[in-house]
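> build me a model from this:
(one chain, ligands or ions: 1)
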Amino acid sequence: MLRTAATLLLATSSWAYNNGAPHSRKPPLGWSSWVALGPDAASDAAKAPIFDFCDEASVLASIDAFVSVGLYKAGYRHFHLDDCWADLERNATGYLQAERDHFPRGMKPIVDYAHFKGLTFGLYTCAGTKTCVGGRPGSKDHWTQDANVFASWGVDVVKMDWCNTQGMEPADTYPLMSAALNATGRHIHLNMCEWGRDDPWEWGPKVAQSWRATGDHTPVWESTKEIIAQRTAVPPSLGGAPYAWNDMDMLETGNYAQAAHANGKQGTMSAVEYKTEFSMWAVLASPLVVTTPILNCSATDQIGGNFTPSKCVPSLTPLQKEILLNAEAIAVNQDVTPAGRLLAAPAAPLCPGTTEASTAAAAMVYARNLSDGSVAVALYNPSDAAADGSVEFAQLGWSATATAEVRDLWAHASRGAATGRYPDAASCGAVSVGAHETVLLRLTPQKKTEEAAAVEEEA
Ligand code: GLA
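Predicted structure coming up:
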């Protein structure tokens, strides 16, 4: 019997919060300025990305690049400015304003331009007295005023951080901004960012559409591994569902020396590790928010850190294209079923009649039921040595005689039909999952003929 995704969905959707905001029914797909922008993108001598920086020229050029590098075509829609945009001073009447020398026309024309290109637009703020990195004004005690200014500019998503909040409680504070945003009458997605400290998956669904389940993600393997572990610790029944997604933080995919360094960390991850990042964010139904320069402003090898200012051209690296535009992996993420979960990791080996245990460790098995009855399976190996990967169909709630078509979503190739387990019960083996690798599969059960089903029923 297939475990019905619909049953699980009903169980969780009653508490999730649909306020009509875009990008809320499925995990949001977007791009953030965080490590990605440098000054003078419109000139012939642009500078390399600077951490936590934005200005009008680089933002407008990146809105164009969002479309031209293929993110829009692949389904990404949300354009986000992180802690880079607000002036250090509120205006004379106490409203937030865009940094005056970087955005001389203010924020509204920028938001209008993103909308004109078919994108939604998000801004960062902080619940405390000041923002985390930029030291800009926080929203504390300005909930209504800040919500009103965001709505007046046409903002669609607000991320609210948690620095400089001494004496405040997240579960008391986020509802204030949530109510203020809703009172504007504009449908605004609230993304909470208290780093999973106060179990936001328990109370967040009543006030927000997504929340950070983890600390900051940086482009080094230890960070990716830690984020996956933190996210795995969220109770599976609260792992995420429409209008209530656990956010694993931004994707650092393909970032090396060409990107600004988040929290001081330069990207060092291998292609295998960056594919693991995307696979696990996908199967765990995290928002997929890319942060990487989508303008190449260097005449020389900027990926290797050899930056020579030049005219900026829209660009993703070949590795980033392979990963970020992988339609089959994106489809695993973009569903309305509950988020994936860790199934019991199999002790090696599980084949009937086998007595000799494999000496290799077993890869961890994660799965997400998908709307069409198929199941996405991630065989994840966080260890530093190769592991055996396999999945028993009983773990998916299927019968031991069920047959499924197996597709590898990184190789974009069929692995044939398997019965009872993958690799097939007949071979009873395992696939090798390299150190830090994730094998991402989609298993689609074969429909039984009525006759075969009846025979099975009788047996
Ligand atoms: C915190 C958040 C990050 C980023 C910075 C901005 O660290 O967790 O995602 O927004 O603040 O200063």
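> residues in contact with stretch 415-428?
349-352, 354, 377, 390-393, 400-408, 429-431, 441, 443, 446 (CB atoms under 8 Å, 6 or more residues apart in numbering). Backbone N, C-alpha and C define where each C-beta goes, glycine included.
> now restrict these to buried residues only.
The neighbour count (16 or more other CB atoms under 10 Å) marks 349-351, 377, 390-393, 402-404, 406-407, 429-431, 441, 443 as buried among the contacts of stretch 415-428.
> just checking, residue 112 touches residue 155?
No: applying CB atoms under 8 Å, one finds residue 112 not in contact with residue 155, separated by 11.3 Å.
> who has more neighbours, the two?
Between residue 112 and residue 155, counting by other CB atoms under 10 Å, residue 155 is the more crowded of the two (24 against 13).
> retrieve the pLDDT associated with that one.
Here the pLDDT value assigned to residue 155 is 98.
> how about residue 71?
With respect to pLDDT, residue 71 has a value of 98.
> try the one 5 residues further on
According to the prediction, residue 76 has pLDDT 98.
> contacting residues for it?
So residue 76 contacts 29-31, 66, 288, 290 (CB under 8 Å, 6+ apart).
> out of these, what pair is the most spread apart?
66 and 288 (13.6 Å; CB to CB).
> low-confidence bits of the protein, can you list those?
Along the chain, segments meeting pLDDT under 70 span 1-15, 345-359, 448-459.
> mind listing the helices for it?
For the chain, the helices defined by DSSP state H occupy 5-13, 56-68, 108-116, 143-153, 170-183, 200-203, 221-232, 271-283, 318-324, 327-333, 450-458.
> ok and the second one relative to helix 108-116, angle-wise?
Right, helix 56-68. Using axes from the mean of the first three to the mean of the last three CA atoms, to 10 degrees, the inter-axis angle of helix 56-68 relative to helix 108-116 is 0 degrees.
> so what's the gap between helix 56-68 and the chain middle?
21 Å (CA atoms, centre = their mean, to the nearest Å).
> that one - contacts with which helices or strands?
strand 78-81, helix 108-116, strand 295-298, strand 309-314 (3 or more CB pairs under 8 Å, 6 or more residues apart in numbering; DSSP states H and E).
> how about a cut-off of 6 Å?
Contacts defined by 3 or more CB pairs under 6 Å, 6 or more residues apart in numbering; DSSP states H and E place helix 56-68 against helix 108-116.
> pretty sure residue 319 sits against residue 254.
Yes: counting by CB atoms under 6 Å, residue 319 touches residue 254, with 4.7 Å between them.
> which of those two has more residues huddled nearby?
The neighbour comparison of residue 319 against residue 254 (other CB under 10 Å) goes to residue 254, with 25 against 16.
> need the contact list for the spatially most central residue of the chain.
Central residue of the chain (CA atoms, centre = their mean): residue 288, 2.7 Å from the mean position. Going by CB atoms under 6 Å, 6 or more residues apart in numbering, residue 288 touches 29, 281, 333.
> ok, it to the ligand distance?
Look at residue 288 and the ligand: by CB to the nearest ligand atom, to the nearest Å, they are 15 Å apart.
> for residue 172, same thing?
Noted for residue 172: a distance of 20 Å to the ligand, by CB to the nearest ligand atom.
> can I assume residue 212 is in contact with residue 190?
No: Residue 212 is not in contact with residue 190 according to CB under 6 Å; the separation is 11.9 Å.
> quick one on the thing from earlier: in strands, which of the contacts of residue 76 appear?
Among these, the members found in strands (DSSP state E) are 29-31, 288, 290.
> got the contact list for the closest residue in space to residue 317 that isn't next to it in sequence?
The shortest distance from residue 317 to any non-neighbouring residue, by CB to CB, 6 or more residues apart in numbering, is to residue 254 (5.1 Å). Applying CB under 6 Å, 6+ apart to residue 254 gives the contacts 317, 319-320.
> repeat the analysis, applying 8 Å as the threshold.
Counting by CB under 8 Å, 6+ apart, residue 254 has contacts 267, 274, 292, 316-317, 319-320, 323-324.
> which of the contacts of residue 288 tops the neighbour count?
The most crowded member of those, judged by other CB under 10 Å, is residue 281 (28 neighbours).
> which ones are touching that one?
With the criterion set at CB under 8 Å, 6+ apart, residue 281 makes contact with 248, 251, 288, 333.
> nearest to the ligand among the residues you listed?
Nearest to the ligand out of those is residue 248 (CB to the nearest ligand atom; 11.3 Å).
> how about the residues of this structure near the ligand?
Selection of the chain residues close to the ligand by CB under 6 Å from any ligand atom yields 82-83, 124, 131-133, 161, 193, 216.
> could you rerun that using 8 Å?
Contact residues (CB under 8 Å from any ligand atom) of the chain with the ligand: 34, 52, 82-83, 124, 126, 131-134, 159, 161-163, 193, 195, 212, 215-216, 249-250, 263.
> among those residues, name the ones in strands.
124, 126, 159, 161, 212.
> residue 204 and the ligand, how far apart?
15 Å.
> number of residues surrounding that residue?
Residue 204, neighbours per other CB under 10 Å, totals 32.
> chain neighbours aside, what residue packs nearest to it?
residue 211 (4.3 Å).
> pick out the residue of the stretch 351-459 of the chain closest to the ligand.
Among the residues of the stretch 351-459 of the chain, residue 382 lies closest to the ligand, at 22.8 Å counting by CB to the nearest ligand atom.
> just checking, that residue touches residue 366?
No: with contact defined as CB under 8 Å, residue 382 does not reach residue 366; the gap is 11.5 Å.
> more crowded one of these two?
residue 366 (25 against 20).
> quick one: residues contacting the more buried one.
Contacts of residue 366 (CB under 8 Å, 6+ apart): 280, 283-284, 340-343, 377-378, 380.
> next: residue 389.
Taking CB under 8 Å, 6+ apart as the test, what residue 389 contacts is 362-363, 365, 379, 381, 430-433, 439.
> which members of those residues are the farthest-apart pair?
365 and 432 (15.0 Å).
> just want to know which of these two has more residues nearby.
Between residue 365 and residue 432, counted using other CB under 10 Å, the more crowded position is residue 365 (21 against 14).
> do you know how far the residue lying closest to residue 184 once chain neighbours are set aside is from residue 18?
Spatial nearest neighbour of residue 184, excluding adjacent residues (CB to CB, 6+ apart): residue 151 at 3.6 Å. As judged by CB to CB, to the nearest Å, residue 151 and residue 18 stand 18 Å apart.
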